[in-house]
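Q: based on what follows, work out the 3D shape:
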Amino acid sequence: AAAARIPYSRARRRRTKPGKTSVESREAGSEPHPSIRSHCSVRAKQIATHDDMSATFPLQSVADALGCGPLVAAADAALEKFPYYPGWCSPVLEKAYVAYFVTCSAAFVLFFIMSALFGPRHFTVFNHLMIAVSVVSVSFPAAIIPLVVWPGLQEVVNAGWADVSKFITYPTSPSIEMATGMSVGYMTYDFIVLILFYPWFKRPKDKSKRKKGQIGSTLYLQMLMHHILSILIWPISATSSIATGFIAYFMFTELTNTGLNARALLEQYGHGDGSISLIVVSLMWVLQFTVIRIIPMPLFIYFFFCGDYSTISWQMLALCLSSVPIPFILNLMWFNDIVGILLVKVGLKAPRNKKKVT
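A: I've put the predicted structure just below:
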């Protein structure tokens, strides 16, 4: 009965030969691809453990309340056309993805219009863009997603601490699956914003024309690749119950974006480097980044190297080993940049481009 409710049965139906039903095909000995069969067995165990996630999280009602119910239904129909992408097995993940993508997009348009109507007259299009992007980032991924994913993160970390061999393949909890859909929905929206408004976000080479909030090409490419890989890999992890503890932790670290985007908002409203409010927010952000992204890193590195990978396929093993270290590397790179900036601000380090006086 549990296996019959697996949404991925769509994939099995599409693999049948022309002129045969799925029942006839199975009777004739046609079986799904081993990776699909393994994936479906994992989902069967997961549903048996956590019951029907759609009943636990009635996202359709939430989507209807937000006015995007028809879009959720349309997305479900569209995603059925891609049965071989295992990331979209879960109806909860699909609905959370669409609901959050639509919500973030609508909020971006709303805040942009409000900034244009009620913001200072000297504000340009770039100022309105930065305010809309920052408010959306503070409100949705940074404030809400960590709260949603926290129960699932606690569960998998406690299980891994008790028995490290269980961490890699610990079953996905409903909160992690829902948070994954929300995160991927937000990153899809943010990816589109980065592409569409790149001319405004790009930092010009002429320093006299630069504005607070503009980013260099290196950071821009890092953000694009971060979004692309997360959109492709996180749903697969969440629905296959492989390395979900890492995904949950990465989603929880979005909490540090509250300080980052609050700092960006203050800069847009004219608070310079010497203002008390900007200094307080910046210190809060550095503290957030250190406590949430850096201090827990040894624990998750321990889970990564000491986990049990013997029960997963070589494809998933390769995906896990190649993708999990990337966020940790990025966090260390960003932390190094943050510390360097702080040292320059307090006068313990000379600016990188400072010319020597002869």
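Q: so D308 is in which element?
A: Assigning secondary structure by DSSP states H and E places D308 outside every helix and strand.
Q: so which strand or helix has M284?
A: Take DSSP H and E as the rule and M284 turns out to sit in helix 276-289.
Q: give the contact list for F108.
A: 132-133, 136, 189, 193 (CB atoms under 8 Å, 6 or more residues apart in numbering). All C-beta spots, glycine's among them, are computed from the backbone N, C-alpha and C.
Q: next structured bit after the strand or helix carrying it?
A: Under the assignment given by DSSP H and E, the secondary-structure element containing F108 is helix 91-118. Tracing the chain C-terminally past helix 91-118 and defining elements by DSSP H and E, one meets helix 125-139 next.
Q: what are the buried residues along that next one?
A: If you call a residue buried by 16 or more other CB atoms under 10 Å, then helix 125-139 has these buried ones: 126-139.
Q: kindly report the same for stretch 172-190.
A: When burial is assessed from 16+ other CB under 10 Å, stretch 172-190 yields the following buried residues: 172-190.
Q: what confidence value was assigned to L343?
A: Looking at L343, its pLDDT reads 78.
Q: could you find the closest non-adjacent residue to it?
A: What sits nearest to L343 in space, not counting adjacent residues and going by CB to CB, 6 or more residues apart in numbering, is K349, at 3.7 Å.
Q: with respect to A243, which of the buried residues of helix 125-139 is nearest?
A: Looking at these and their distance to A243, the nearest is S137, at 25.4 Å (CB to CB).
Q: so where do the helices sit in the stretch 101-250 of the chain?
A: If you assign secondary structure with DSSP state H, counting those that start in this stretch, the helices in the stretch 101-250 of the chain sit at 125-139, 145-162, 174-196, 198-201, 217-240, 244-252.
Q: which stretch in those helices has the least confidence?
A: Per-stretch averages of pLDDT across the helices of the stretch 101-250 of the chain put helix 198-201 at the bottom, with a mean of 86.
Q: what helices or strands is that one leaning on?
A: Counting contacts by 3 or more CB pairs under 8 Å, 6 or more residues apart in numbering; DSSP states H and E, helix 198-201 packs against helix 125-139.
Q: before we move on, back to that, show me what the helix holding M284 is in contact with.
A: Counting contacts by CB under 8 Å, 6+ apart, the residues outside helix 276-289 that touch it are 255-256, 258-260, 262-263, 266-267, 271-272, 334-335, 338, 342.
Q: let's see that with 7 Å instead.
A: By CB atoms under 7 Å, 6 or more residues apart in numbering, the surrounding residues in contact with helix 276-289 are 255-256, 259-260, 262-263, 266, 271-272, 335, 338, 342.
Q: enumerate the positions of that helix that are buried.
A: If you call a residue buried by 16+ other CB under 10 Å, then helix 276-289 has these buried ones: 278, 281-282, 285-286, 288-289.
Q: quick one: residues contacting the residue nearest to L255 when sequence neighbours are not counted.
A: Taking CB to CB, 6+ apart as the measure, L255 lies nearest to P146, with 4.3 Å between them; neighbours along the chain are not counted. The contact partners of P146, taken as CB under 7 Å, 6+ apart, are 252, 254-255.
Q: how much space between P146 and K202?
A: P146 sits 30 Å away from K202, going by CB to CB, to the nearest Å.
Q: want to throw the helices of the stretch 101-250 of the chain into CSV with distance to K211?
A: Supplementary listing: those in CSV, determined by distance: least, CB to CB, whole Å:
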stretch, distance to K211
helix 125-139, 6
helix 145-162, 29
helix 174-196, 16
helix 198-201, 9
helix 217-240, 15
helix 244-252, 30
